[in-house]
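K.L.:
here is my input, please return the structure:
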Amino acid sequence: MKHNNSTLKLQLLTLLAAVLSGCATEPSATQKEFGSSVKHMISAQTYEPGDETTGLDGEKSRRVMDTYREDVAKPKAVEKQIINIQLD
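P.N.:
Residues are numbered from 1 along each chain as shown. Prediction:
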């Protein structure tokens, strides 16, 4: 019984070491770059004081916002049922 108990402890210790060693690996080449595209997009869309900006014609921007409010805020009703699920 004593031999089995020490063997079990050794096996558990080995398993624990194997599991924990997976946490200590270096990130792969793709993991090192993970999120860089999002960071780039955010920095490209963030205004920093002193950045050169281009303006938008007032009338054009009013029409854009009016169209946006009409089309996006009031979506058209779905004319055809796409999925028909019956729970009978």
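K.L.:
after the lowest-mean-pLDDT helix or strand in the chain comes which helix or strand?
P.N.:
The least trusted helix or strand in the chain, going by mean pLDDT, DSSP states H and E, turns out to be helix 29-32, with a mean of 77. As assigned by DSSP states H and E, the chain's next helix or strand after helix 29-32 is helix 36-45.
K.L.:
and that following helix, what does it pack onto?
P.N.:
Helices and strands in packing contact with helix 36-45 are not found; criterion 3 or more Cβ pairs under 8 Å, 6 or more residues apart in numbering; DSSP states H and E. In this view, the C-beta of every residue, glycine as well, is placed from N, C-alpha and C.
K.L.:
just to revisit the earlier point, what separates the least confident helix or strand of the chain from the chain centre, distance-wise?
P.N.:
Computed by Cα atoms, centre = their mean, to the nearest Å, the chain-centroid distance of helix 29-32 equals 16 Å.
K.L.:
again with stretch 14-26
P.N.:
On Cα atoms, centre = their mean, the centre of stretch 14-26 falls 27 Å from the chain's centre.
K.L.:
send over the least confident helix or strand of the chain as PDB, restricted to the C-alpha atoms.
P.N.:
The C-alpha trace of helix 29-32 is given here as PDB (Å, rounded to 0.1, in the frame of the first residue of the first chain):
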ATOM      1  CA  ALA A  29       5.100  34.100 -34.100                       C
ATOM      2  CA  THR A  30       1.400  34.700 -34.800                       C
ATOM      3  CA  GLN A  31       0.600  35.200 -31.100                       C
ATOM      4  CA  LYS A  32       3.200  37.900 -30.800                       C
END
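K.L.:
what comes up buried for it?
P.N.:
By 16 or more other Cβ atoms under 10 Å, helix 29-32 has no buried positions at all.
K.L.:
tally of neighbours for G22?
P.N.:
Close neighbours of G22, defined as other Cβ atoms under 10 Å, add up to 7.
K.L.:
quick one, grab the pLDDT at it.
P.N.:
On pLDDT, G22 comes in at 71.
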